[in-house]
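Trainee: pasted the sequence and its predicted model underneath.
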Amino acid sequence: MDVLFKNGLTLCLLIYFVKFSSVFCDGVSFKKYFYNDNDYGKCLPNTTAFESKAQDPVACGKMCHLNNACESFHYQPETHQCFGCRYKRYDAPPLRDDEKRTRSMYFTPVENFPSDCKDILQNNIHAKTGVHEIKLWKSRKTLNVFCDMDTAGGGWTVFQNRFDGAINFNENFTAYETGFGELEGEFWLGLRYVQEIADQSATEIRLDLSDGFGREGYEAFQDFRLSETFLYTLHIRKESRSFSGGREQFEEASTGFASNNGYYFAARDRLKYQYCVDGAESGWWHVADGCGGVDLNAHYLNPGTPLNESTQGFKHFGFAGRYSLRASKMMIRRN
């Protein structure tokens, strides 16, 4: 039977219909799917938001809906075990109306708003590159974002884009936290939004680059996240690095974005590494020893301008050598 669930502060109203293929919890519906033998009725490894007893799938759905980390759930009718999962699945076939209701049941949410560009693409495989509206999974804030639906399979949420120097990136920390620029031009999305989008599940980050001499390429890492504090410390898995293009030294991970791993974000009103901020005129994950060879928010110069200690600017030494870049695009996608 279908179950309609309306959640009040302490009052729950349950209305039962004829079929049992969906659960509705306070405006969020969960679609029922076949049990997958490979999951054993539980979440994928290391993705369990909670585990508890529940009288029925409705009660389990309520637990999931009220838990900010829960994106879907398994319910086991024989044992009344409820498993909240930190991920959504779209690949399972829907439950048939005549299927026997035994073993574990898997439910995944059907929401009015996607939580990132990957959701948008999965909901509509014909979605185009451009500005789309999402609803952040934890804060529930609606937000316009720029989605890249063409690069490497699409579904990328772009959080930085530079190509002509039209936008001044020498901003204070508040601006870097909340975002600035124009989504259809040059922009920085905002650290707090990047952090929340990446916190949904395992996330890949990709840096698309081009220099002043016609070279194009990229650098990508798995397990990207920003620390859960106002420091927004950068975390990536260095050994997961993939790349293409650039100069010969680009083969060495130490010349790229990996060198910024573990450093917190500093802007012009942050005192530590102030000499890096002032010289580069940017907010960035500056490296303590010499500021580092990568700063995609630094002062925009004519592409191909030689860089040295007295001339700092838009740079990725591993990719372009000691010459200023022409363009960069930073984006993330859930795995």
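Mentor: Received the coordinates, thanks.
Trainee: show me the shaky parts of the stretch 1-150 of the chain.
Mentor: Within the stretch 1-150 of the chain, the segments meeting pLDDT under 70 span 1-41, 45, 88-106, 108-112.
Trainee: recalculate using a threshold of 80.
Mentor: 1-46, 77-78, 87-113 (pLDDT under 80).
Trainee: so which residues of it form helices?
Mentor: With helices called from DSSP state H, counting those that start in this stretch, the stretch 1-150 of the chain shows them at 57-66, 117-123.
Trainee: can you list the buried residues in the shortest one?
Mentor: If you call a residue buried by 16 or more other C-beta atoms under 10 Å, then helix 117-123 has these buried ones: 117, 118, 119, 120, 121. Where C-beta positions appear, they are placed from N, C-alpha and C, glycine not excepted.
Trainee: which one of those residues is nearest to residue 222?
Mentor: Nearest to residue 222 among these is residue 118, at 14.8 Å by C-beta to C-beta.
Trainee: with adjacent residues omitted, what lies nearest to the closest one?
Mentor: What sits nearest to residue 118 in space, not counting adjacent residues and going by C-beta to C-beta, 6 or more residues apart in numbering, is residue 155, at 3.8 Å.
Trainee: now that neighbour: how far from residue 204?
Mentor: Relative to residue 204, residue 155 is positioned 10 Å away (C-beta to C-beta, to the nearest Å).
Trainee: spit out the residues that contact the two alike.
Mentor: Common neighbours of residue 155 and residue 204, using C-beta atoms under 8 Å, 6 or more residues apart in numbering, are 333, 334.
Trainee: burial of residue 283, as a residue count?
Mentor: Look at residue 283: counted by other C-beta atoms under 10 Å, it has 27 neighbours.
Trainee: can you check residue 185 too?
Mentor: A total of 13 residues lie near residue 185 under the criterion other C-beta under 10 Å.
Trainee: against residue 127, how distant is the residue nearest to residue 118?
Mentor: Distance from residue 155 to residue 127, counting by C-beta to C-beta: 9 Å.
Trainee: looking at these two, which is more packed in?
Mentor: More crowded of residue 155 and residue 127, by other C-beta under 10 Å: residue 155, with 21 against 18.
Trainee: ok, that one touching residue 149?
Mentor: Yes - using C-beta atoms under 8 Å, residue 155 makes contact with residue 149 at a distance of 6.9 Å.
Trainee: joint contacts of the two?
Mentor: What both residue 155 and residue 149 touch, as defined by C-beta under 8 Å, 6+ apart, is the set 117, 120, 121.
Trainee: the closest residue to the first one other than its chain neighbours pairs with what?
Mentor: Closest residue to residue 117 apart from its sequence neighbours, by C-beta to C-beta, 6+ apart: residue 147 at 3.6 Å. Residues in a beta bridge with residue 147, per DSSP bridges, are residue 130, residue 157.
Trainee: make sure residue 147 is actually in contact with residue 119.
Mentor: No - with contact defined as C-beta under 8 Å, residue 147 does not count as touching residue 119 (9.9 Å).
Trainee: returning to what we had before: and for residue 155 and residue 127, which residues touch both?
Mentor: By C-beta under 8 Å, 6+ apart, residue 155 and residue 127 have these common neighbours: 120, 121, 147, 149.
Trainee: relative to residue 305, which of those is nearest.
Mentor: Using C-beta to C-beta, residue 147 comes nearest to residue 305 of the shared contacts of residue 155 and residue 127, at 31.6 Å.
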